[in-house]
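Student: missing the sequence, but the structure's below:
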């Protein structure tokens with residue numbers, strides 16, 4: 001849990017432009033980013049964060065607690081598709097996000113215990 005709090009603080013500081021040295025490395029090296037993945041037959045897709053402007057924003061979470069509020073709403077919207085949780089290292093996650101047809105990403109958008117933090121897709125390139 002301490003590592004999740006550190007990465008959440010680093011993400012917020014990066015967004016605000018006040019990140020200390022090493023913040024990008026901390027975000028890249030974090031081992032436990034949680035994502036919701038829709039599974040239908042043999043295909044899988046990353047579930048997106050809700051967005052009033054119609055942008056395709058990857059929904060990424062820093063802990064099991066932060067994804068917990070997102071899962072019920074995304075599972076209801078995706079039915080009958082099954083939605084499962086997957087954990088990715090920062091290195092794997094950001095290198096994958098670079099190749100996806102998304103506009104950006106939102107960390108912790110589930111209305112959980114921490115405020116959401118959003119970035120444009122270019123953030124994945126900087127971190128990876």
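Tutor: Structure's in. What do you need? Since this is a predicted model, take the numbers as computed values, not measurements.

Student: State the phi and psi torsions of residue 2.
Tutor: With angles defined as degrees, to the nearest 10, residue 2 sits at phi -60, psi -40.

Student: do the same with the one 10 residues further on
Tutor: Backbone dihedrals for residue 12, given as degrees, to the nearest 10, come out at phi -60, psi -40.

Student: Now do it against residue 95, distance only.
Tutor: Distance, residue 12 to residue 95, using C-beta to C-beta, to the nearest Å: 23 Å. For the C-beta atoms, the positions are set from N, CA and C on the backbone; glycine is no exception.

Student: quick check, residue 123 in a helix?
Tutor: Yes: inclusion of residue 123 in a helix is indicated when DSSP: H, G, I helix; E, B strand; the rest coil is applied.

Student: wait, doesn't it sit right on residue 104?
Tutor: Yes: the pair residue 123 / residue 104 is scored as a contact, 7.4 Å apart, by C-beta atoms under 8 Å.

Student: Please, where are all the helices along the chain?
Tutor: 2-16, 23-29, 64-68, 71-78, 90-99, 122-127 (DSSP state H).

Student: who touches the second one?
Tutor: Under the criterion C-beta atoms under 8 Å, 6 or more residues apart in numbering, residues 6-7, 10-11, 13-14, 89-91, 94, 126-128 lie in contact with helix 23-29.

Student: can I get the helices of the chain in CSV with mean pLDDT and distance to residue 48?
Tutor: Supplementary listing: those in CSV, determined by pLDDT from 0 to 100; distance: least, C-beta to C-beta, whole Å:
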stretch, mean pLDDT, distance to residue 48
helix 2-16, 95, 18
helix 23-29, 97, 20
helix 64-68, 93, 14
helix 71-78, 91, 9
helix 90-99, 96, 12
helix 122-127, 96, 15
